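In: The amino acid sequence is not available; the structure is as follows:
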């Protein structure tokens, strides 16, 4: 065939020609492919290269994704729920309590707070 180039070699050193052979190659090396994809997605989510300590997280993610039928949504969910994603580089959890005005929700003050929140300039008349 004219104009045809040599098929590309994949990361496994095998050559393939077309999407069907690519799929077959990836299925033959499913465990390696899932591990590499998981590592790349986690590294992208963290905004950094993976470190030695991330190998346990990657293994946990691979096991979870495998157990759920290799669904991409499972991979994304588990990456977001992972400790490296939720923690900063210093290992501190990013959860910061929301600071704001404290509301007193006792029955006595709730009516006044509600009235202040909905104040449109009209005076409320007490009920007879």
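Out: Everything's here; your move. Being a predicted model, the structure only gives us computed values, none of them experimental.
In: quick one: residue 64 and residue 78 touch, right?
Out: Yes - between residue 64 and residue 78 a contact is recorded at 5.1 Å, counting by CB atoms under 8 Å. (Glycine included, C-beta is placed from N, CA and C.)
In: the more surrounded of these two?
Out: Neighbours around residue 64 and residue 78, counted as other CB atoms under 10 Å, are more numerous at residue 78. The numbers are 21 against 17.
In: Just the buried residues of the helix or strand containing the more buried one, please?
Out: Secondary structure here is read from DSSP states H and E; on that basis residue 78 sits in helix 72-81. Residues of helix 72-81 classed as buried by neighbour count (16 or more other CB atoms under 10 Å): 74-75, 78-79.
In: Output these in JSON lines, with distance to residue 40 and pLDDT appended to each entry.
Out: Conversion of the buried residues of helix 72-81 to JSON lines gives the following (distance: CB to CB, whole Å; pLDDT from 0 to 100):
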{"residue": "74", "distance to residue 40": "16", "pLDDT": "94"}
{"residue": "75", "distance to residue 40": "11", "pLDDT": "95"}
{"residue": "78", "distance to residue 40": "14", "pLDDT": "95"}
{"residue": "79", "distance to residue 40": "11", "pLDDT": "94"}
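In: Name the nearest of those residues relative to residue 16.
Out: Within the buried residues of helix 72-81, the smallest distance to residue 16 is 23.9 Å, found for residue 75 (CB to CB).
In: Go ahead and confirm that closest one touches residue 61.
Out: Yes - at 6.6 Å, residue 75 counts as touching residue 61 under the criterion of CB under 8 Å.
In: which neighbours do those two share?
Out: residue 38 (CB atoms under 8 Å, 6 or more residues apart in numbering).
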